[in-house]
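Asker: Turn this into a model:
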Amino acid sequence: MIHEKKIAPKFFDAIRDGTKKMEFRQEDDCVYLLGDIINLREWNGESYSGREIDVRVIHIVRHDDFQAVPKGWAILSIALIKTPFWKCCECGRIIGDHEWASRGRTDEDHICEDCFWKIMKSDDDPCGTIGPKAIQ
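Answerer: Just a heads-up that it's a prediction; the model follows:
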């Protein structure tokens, strides 16, 4: 099963760089099972940033396993799922490893070739790294 969940930027970055390997999650709206995938969408408290990553649940500890875990909560050991696909930061289209034209401000910001050429012809640059202004 795939679960979509919000995650704060500092926790998102820690999972992405491999330093955070667990999640403490309430199981009020879902029950996690081994092998489940959690799509973590970065949330700044007001809106989604557009960054997201997928992790797989590889171990679960609940109240019945360890009394210090509150009832209705679970400690999930997670493994980052590496994927050769990105979402274009301009149009949102899913692009493969060989299809992206440029990286944006971070390694997660990728621009498809169509958007790359649209931006190169205009002053609008959503990722801040290409286009006439960035070249100057």
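Asker: going on from the helix or strand harbouring residue 58, what's the next piece of helix or strand?
Answerer: Element membership for residue 58 (DSSP states H and E) is strand 48-62. Remark: after strand 48-62, the chain's next helix or strand is strand 73-80, criterion DSSP H and E.
Asker: same question for that following strand, mean pLDDT?
Answerer: Averaged across strand 73-80, the pLDDT comes to 96.
Asker: Can you mark which positions in it are buried?
Answerer: Using 16 or more other CB atoms under 10 Å as the test for burial, strand 73-80 gives 74-76, 78, 80. C-betas here are computed from N, CA, C, even on glycine.
Asker: what's the angle from it to strand 48-62?
Answerer: Angle, strand 73-80 to strand 48-62, by axes from the mean of the first three to the mean of the last three CA atoms, to 10 degrees: 120 degrees.
Asker: Please work out which residues outside strand 73-80 touch it.
Answerer: 15-16, 18, 21-27, 32, 38, 53-63, 66, 69 (CB atoms under 8 Å, 6 or more residues apart in numbering).
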